[in-house]
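Asks: the sequence and its predicted three-dimensional model are supplied below.
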Amino acid sequence: MSTDSGVAGAGTNGEVTLAIDDGVGTIEFSHPKGNSLPGTLLRELAEGVQMLGESEEARVIVLGSSGSGPFCAGASFNELVAIENERDGEEFFNGFARVILAMIRAPKFVLVRVHGRAAGGGVGIAAAGDYTFAVKTASVKLSELSVGIGPFVVGPVIERRIGCGPFSALAVDTDWRDAAWCERHGLYARVSDDVDAMDAALGLLAGALRVSNPAAMAAMKRSFWQGTEHWDQMLADRARISGSLVLSDYTRAAIARFRTR
Amino acid sequence: MSTDSGVAGAGTNGEVTLAIDDGVGTIEFSHPKGNSLPGTLLRELAEGVQMLGESEEARVIVLGSSGSGPFCAGASFNELVAIENERDGEEFFNGFARVILAMIRAPKFVLVRVHGRAAGGGVGIAAAGDYTFAVKTASVKLSELSVGIGPFVVGPVIERRIGCGPFSALAVDTDWRDAAWCERHGLYARVSDDVDAMDAALGLLAGALRVSNPAAMAAMKRSFWQGTEHWDQMLADRARISGSLVLSDYTRAAIARFRTR
Amino acid sequence: MSTDSGVAGAGTNGEVTLAIDDGVGTIEFSHPKGNSLPGTLLRELAEGVQMLGESEEARVIVLGSSGSGPFCAGASFNELVAIENERDGEEFFNGFARVILAMIRAPKFVLVRVHGRAAGGGVGIAAAGDYTFAVKTASVKLSELSVGIGPFVVGPVIERRIGCGPFSALAVDTDWRDAAWCERHGLYARVSDDVDAMDAALGLLAGALRVSNPAAMAAMKRSFWQGTEHWDQMLADRARISGSLVLSDYTRAAIARFRTR
């Protein structure tokens, strides 16, 4: 089976596409503003991952984004600006929680393909994969604090991946880290020189996994994320914190600064 | 005191030898097929470690394997082939659980000497040491998934040592990682250029530890493995998973492929 | 506001100084014997960090030590020698527990400035920062076992920072590790070539943080140290272990050896 459907309409609002080809389920998001993620794309991404997780035809999931620019610029700036009350804020940040939970709860491996820079929520998506491929130019940063909020929803999965010291460092200084740093601290499983080399390696691994024992992979997947059973609640609590902070004067002022540039 | 006893008969079935010399207890396993571990050796290894743990003459334990080939090829392939029901499968994988538990529960440090490549269960033994020496050619891999099972019993101790990201990477792609990778992610405490350099460093450390405060070492050992009190049950549960998966068609087919080579 | 007060008298007993300047609270300890820490300095350090934590004028805390020699030589040797009973021993080691707890419970980030070598308790202080700057000559060691005790009080925060494998390695061999090792394993967030470069980077970060959203920083701080709520009790238990071991013949003999040198 091979389907290829744009779940959202392409163009200015971005889209999420799904495909299953010879046992490999592929999900790709795309947004004209640096592959940033508004609420609609987050919802479609979470639903798409869940769909591929349930599909018997997809034996392994590959998650990536389109183009040759950033992998993901994080939360959509336009949506952050539009948040007017705590409820809307919480709902927006819950979108990232749903994507992360869909990834770690899918009963098969999720391979993430990081072809460019990742910021904020994009780092969370890279961290929620079971195996993350990246190119050597794929730097990451957690810029939340510089706009008056913090990496609350994506924090647990990033800290679990790279440890408490590196996570705190990333969150406090809001600076870029290069791909070698990410490999050294366990975020990236494999760093390639360029996109072609990455895709070759990814193709080989996906090809091996699609014919591997699904029962073994499902049991391994459970073991990888053992101890995250309480994350539905924890990430929801975290979304509430972000949703409240995003209304602060600090965030309003940071947004105004960016806009006048 | 200095004893030197082959617990098992040497030769085609492998053996485990024990010695206590001037405060240093040494346990070494040996098997003609790449130092792989059948059930009898696993039992003797666990019992030997426990014996040295209880001995007042051994102030520190050094665990290694013989020869100049692999440190440990993991589970014995011949035994995996012979498993005919879930009970036997569970019992076999419990052998690795017993070795790991004996190592982390011994009230003294276990220094592991990794003189060559390690695969599967051998990586678990390297990870269960309190201090693991290795030579720079001592690569590791977790090949379980490629034979239809998974690194369930050895997973917890490896993940505790190297973190969730590196452990998942190792388990998913079943590829070799070199000694530098192992040092970078915390599996190896010290990597030497060759066996002579490693043995010199190991001799110095064992020499210092055998005259160190045993009460301090016992308390440190407890603190190192704090939080693993439930591992008897968890590793037994994991052995059941492996014991069931090993009967799958995937494992049978993988074994047939290896045999015809 | 800008205060600058030597809390303890300077000179042979060492001192702790506090200052708040333009939103940045600075606390610095100083002791003629390699910035080692006797009980009085530990108490003043803990109180000073708590004071800066409660101050509305300090938006971020910078913790360092004086001079161009070691950052911190750990516990004061003279005080270790003078301990005559378990109660005094426990009380002394509780001093380090109080400093660590004050650092991780302060509702703002603590930036640590490691300008030279750190041993024992000094490594614990480096690990308890939310972001630790260091120069490339700032090696660390945990020498406790070589004087008959162990890194019990500082162990949990160091292990949380660098992981179980690297922590055990450091504690078992009591050897120096260089700054690159510390960065690789997550203890140092940023390593600079020299003190000037470190102070420039530290000044930039402190300058950005003092105008960042305090509510976001306080919530991030809580999230960084989530799961350490039981540490008051655990570190007190650990202080009891050290306080008892320090009375052993091993410690007495180690002290005598050092003294005759």
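Replies: Arrived safely. Numbering: from 1, shown residues only, chains lettered A, B, ... in the order given.
Asks: quick one, strands of the stretch 151-261 of chain A?
Replies: A:190-192 (DSSP state E, counting those that start in this stretch).
Asks: where does pLDDT dip in chain A?
Replies: Low-confidence segments of chain A (pLDDT under 70): A:1-11, A:259-261.
Asks: up against chain C, what does it have?
Replies: Proximity of chain A to chain C, by Cβ under 8 Å from any Cβ of the partner chain, involves residues A:144-146, A:148-152, A:155, A:162-169, A:171-174, A:184-185, A:238, A:241, A:245, A:248, A:250-251. C-beta: built from backbone N, CA, C; applies to glycine.
Asks: what about residue A:257, neighbour count?
Replies: Neighbour count for residue A:257, taken as other Cβ atoms under 10 Å in any protein chain shown: 11.
Asks: the helices in the stretch 51-200 of chain A, which residues?
Replies: For the stretch 51-200 of chain A, helices defined by DSSP state H, counting those that start in this stretch occupy the ranges A:77-82, A:86-105, A:121-127, A:155-162, A:164-173, A:179-184, A:195-209.
Asks: helices or strands next to the first one in the packing?
Replies: Taking 3 or more Cβ pairs under 8 Å, 6 or more residues apart in numbering or on different chains; DSSP states H and E as the contact definition, the neighbouring helices and strands of helix A:77-82 are helix A:86-105, helix A:249-260.
Asks: of all those helices, which one comes closest to chain B?
Replies: Among the helices and strands packed on helix A:77-82, helix A:86-105 comes nearest to chain B, with 10.8 Å by Cβ to the nearest Cβ.
Asks: helices and strands around that closest one, which ones?
Replies: With contacts taken as 3+ Cβ pairs under 8 Å, 6+ apart, helix A:86-105 sits against helix A:39-54, helix A:77-82, helix A:121-127, helix A:231-245.
Asks: buried deepest among these, which one?
Replies: Neighbour counts (mean count of other Cβ atoms under 10 Å in any protein chain shown) averaged over each of these peak at helix A:121-127, with a mean of 28.
Asks: show me how far that one is from its chain's centre.
Replies: Helix A:121-127 sits 4 Å away from the centroid of its parent chain (Cα atoms, centre = their mean, to the nearest Å).
Asks: what about the most centrally placed residue in chain A, distance to chain C?
Replies: Closest residue to the average C-alpha location of chain A: residue A:125 at 1.8 Å, with Cα atoms, centre = their mean. Separation of residue A:125 from chain C (Cβ to the nearest Cβ, to the nearest Å): 19 Å.
Asks: so what's that residue up against?
Replies: Residue A:125 makes contacts with A:63, A:72, A:99-100, A:103, A:112, A:118, as judged by Cβ atoms under 8 Å, 6 or more residues apart in numbering or on different chains.
Asks: again with residue A:132
Replies: So residue A:132 contacts A:111-112, A:114, A:126, A:187-190, B:165 (Cβ under 8 Å, 6+ apart).
Asks: chain C: which of the residues you listed is nearest?
Replies: Chain C lies nearest to residue B:165 out of these, by Cβ to the nearest Cβ, at 11.3 Å.
Asks: pretty sure that closest one contacts residue A:190?
Replies: No - Residue B:165 is not in contact with residue A:190 according to Cβ atoms under 8 Å; the separation is 11.4 Å.
Asks: so between the two, which is more surrounded?
Replies: Ranked by neighbour count (other Cβ under 10 Å), residue B:165 and residue A:190 place residue B:165 first, with 28 against 17.
Asks: if we ignore the residues flanking it in sequence, what's nearest the more buried one?
Replies: Among residues not flanking residue B:165 along the chain, residue A:186 sits closest, at 3.1 Å (Cβ to Cβ, 6 or more residues apart in numbering or on different chains).
Asks: gap between the one you found and residue A:160?
Replies: According to Cβ to Cβ, to the nearest Å, residue A:186 and residue A:160 sit 10 Å apart.
Asks: skipping adjacent residues, who's closest to residue A:53 in space?
Replies: Nearest non-adjacent residue to residue A:53, counting by Cβ to Cβ, 6+ apart: residue A:106, 3.2 Å away.
Asks: residue contacts, that neighbour?
Replies: By Cβ under 8 Å, 6+ apart, the residues touching residue A:106 are A:49-50, A:52-53, A:61, A:221.
Asks: what about 7 Å?
Replies: Residue A:106 makes contact with A:49, A:53, A:61 under the criterion Cβ atoms under 7 Å, 6 or more residues apart in numbering or on different chains.
Asks: from residue A:190, how far out is the last one?
Replies: When you say that, I think you mean residue A:61. Counting by Cβ to Cβ - residue A:61 and residue A:190 are separated by 17 Å.
Asks: now do the first one
Replies: Plainly put, residue A:49 is 21 Å away from residue A:190 if you go by Cβ to Cβ.
Asks: against residue B:185, how distant is the residue lying closest to residue A:163 once chain neighbours are set aside?
Replies: The spatially closest residue to residue A:163, leaving aside those adjacent along the chain, is residue C:186, at 5.0 Å (Cβ to Cβ, 6+ apart). Distance, residue C:186 to residue B:185, using Cβ to Cβ: 11 Å.
Asks: same question, residue A:49
Replies: Per Cβ to Cβ, residue A:49 is found 27 Å from residue B:185.
Asks: swap in residue A:142?
Replies: Per Cβ to Cβ, residue A:142 is found 22 Å from residue B:185.
Asks: do residue A:253 as well
Replies: Using Cβ to Cβ, we find residue A:253 at a distance of 41 Å from residue B:185.
Asks: so those two - more neighbours on which side?
Replies: Using other Cβ under 10 Å, the more surrounded residue of residue A:253 and residue B:185 is residue B:185, with 27 against 14.
Asks: can you pull the contacts of that one?
Replies: By Cβ under 7 Å, 6+ apart, the residues touching residue B:185 are A:186, B:162-163, B:166.
Asks: which one of those residues sits closest to residue B:83?
Replies: Of all the contacts of residue B:185, residue B:162 has the smallest distance to residue B:83: 28.6 Å, by Cβ to Cβ.
Asks: neighbours around the closest one, how many?
Replies: If you count neighbours by other Cβ under 10 Å, residue B:162 ends up with 27.
Asks: which residue, other than its chain neighbours, is closest to it?
Replies: Using Cβ to Cβ, 6+ apart and skipping the chain neighbours, the partner closest in space to residue B:162 is residue B:185 (4.2 Å).
Asks: ok, now residue A:45?
Replies: Closest residue to residue A:45 apart from its sequence neighbours, by Cβ to Cβ, 6+ apart: residue A:99 at 5.1 Å.
Asks: pretty sure that neighbour is touching residue A:47, no?
Replies: No - using Cβ atoms under 7 Å, residue A:99 makes no contact with residue A:47, being 9.6 Å away.
Asks: and for the nearest residue to residue A:254 once chain neighbours are set aside, the neighbour number?
Replies: In space, and not counting its chain neighbours, residue A:254 is closest to residue A:147: 4.2 Å by Cβ to Cβ, 6+ apart. Residues within reach of residue A:147, counting by other Cβ under 10 Å, total 27.
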